[in-house]
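# With the input below, show me the fold.
(2 chains)
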Amino acid sequence: EAGVTQSPTHLIKTRGQQVTLRCSPISGHTSVYWYQQALGLGLQFLLWYDEGEERNRGNFPPRFSGRQFPNYSSELNVNALELEDSALYLCASSPESGTQYFGPGTRLLVL
Amino acid sequence: KNEVEQSPQNLTAQEGEFITINCSYSVGISALHWLQQHPGGGIVSLFMLSSGKKKHGRLIATINIQEKHSSLHITASHPRDSAVYICAVSTGGTSYGKLTFGQGTILTVHP
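Numbers count the residues shown, from 1 in each chain, chains lettered A, B, ... in the order given. Prediction:
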């Protein structure tokens, strides 16, 4: 069974640009979560999608947004990139039991 | 004060030693998760528990709901156990949903 996949693996952008990160959940998982792990900081919850709807949102500005498609894959969009957006962005999926399965992450560097 | 606190922040051990990592939380939870993050960034879910004790190989996780405390034990530690161990909690009445993370414990096991 394939795990959670994310693309791209690495990305370099400049301040003010926009970026889209992608996540494909494990087959059968309807929930997708996005987390940010900035350098030297812990993991922080960004967004939770389930059955195509946003269920919860972390304490991040509106320029962080996303969506979930009918096949349960998801995108995370970040507009007007700032230097402090440089981080590892992790996607996870879960079945209803709650255990979360994490993807390998996308490393974003904003210059 | 963080909702989830781990101790110690750093832990160094010799191969074969018994290791304990502690996690305390200050909110009502529906489940507690122990995660392992290797240097490359990938995260693996080790345990999800809401009561009692779980064991998988050399790893044991316990939780005391009344004291709001959980421990992760590693028996007969090995250098390949070197990683960051992260405690996280699910809130909101279900084990489903966003996670709130502790700051992580960096474990180094020397041969």
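
# Let me know the helix or strand that residue B:109 is in.
Per DSSP states H and E: residue B:109 is located in strand B:105-110.

# Direction included, what does that strand pair up with?
Strands that pair with strand B:105-110, judged by DSSP bridges, come out as strand B:10-14 (parallel), strand B:83-90 (antiparallel).

# Mind listing residues that contact it?
The contact list for strand B:105-110 (CB atoms under 8 Å, 6 or more residues apart in numbering or on different chains) reads B:6-15, B:17, B:19, B:21, B:74, B:77-86. The C-beta positions use only the backbone N, C-alpha and C, and glycine is treated the same way.

# so what's residue A:6 scoring on pLDDT?
Looking at residue A:6, its pLDDT stands at 97.

# now swap in residue B:41 and tell me
At residue B:41, the pLDDT recorded in the model is 77.

# if we can go back for a sec, now the buried members of the contacts of strand B:105-110.
B:6, B:11, B:13, B:19, B:21, B:74, B:77, B:81-86 (16 or more other CB atoms under 10 Å in any protein chain shown).

# okay, those in JSON lines with distance to residue B:97 next?
Listed next are those as JSON lines, based on distance: CB to CB, whole Å:
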{"residue": "B:6", "distance to residue B:97": "21"}
{"residue": "B:11", "distance to residue B:97": "30"}
{"residue": "B:13", "distance to residue B:97": "34"}
{"residue": "B:19", "distance to residue B:97": "30"}
{"residue": "B:21", "distance to residue B:97": "24"}
{"residue": "B:74", "distance to residue B:97": "28"}
{"residue": "B:77", "distance to residue B:97": "33"}
{"residue": "B:81", "distance to residue B:97": "29"}
{"residue": "B:82", "distance to residue B:97": "31"}
{"residue": "B:83", "distance to residue B:97": "25"}
{"residue": "B:84", "distance to residue B:97": "23"}
{"residue": "B:85", "distance to residue B:97": "22"}
{"residue": "B:86", "distance to residue B:97": "17"}
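
# Residue 29 is in what secondary structure piece?
No chain was given, so I picked chain A. Following DSSP H and E, one finds residue A:29 outside all helices and strands.

# Sorry, I should have been clearer: chain B.
Using DSSP H and E, residue B:29 sits in no helix or strand.

# Apart from its neighbours in sequence, what residue is nearest it?
Nearest residue to residue B:29, sequence neighbours excluded (CB to CB, 6 or more residues apart in numbering or on different chains): residue B:89, at 4.4 Å.
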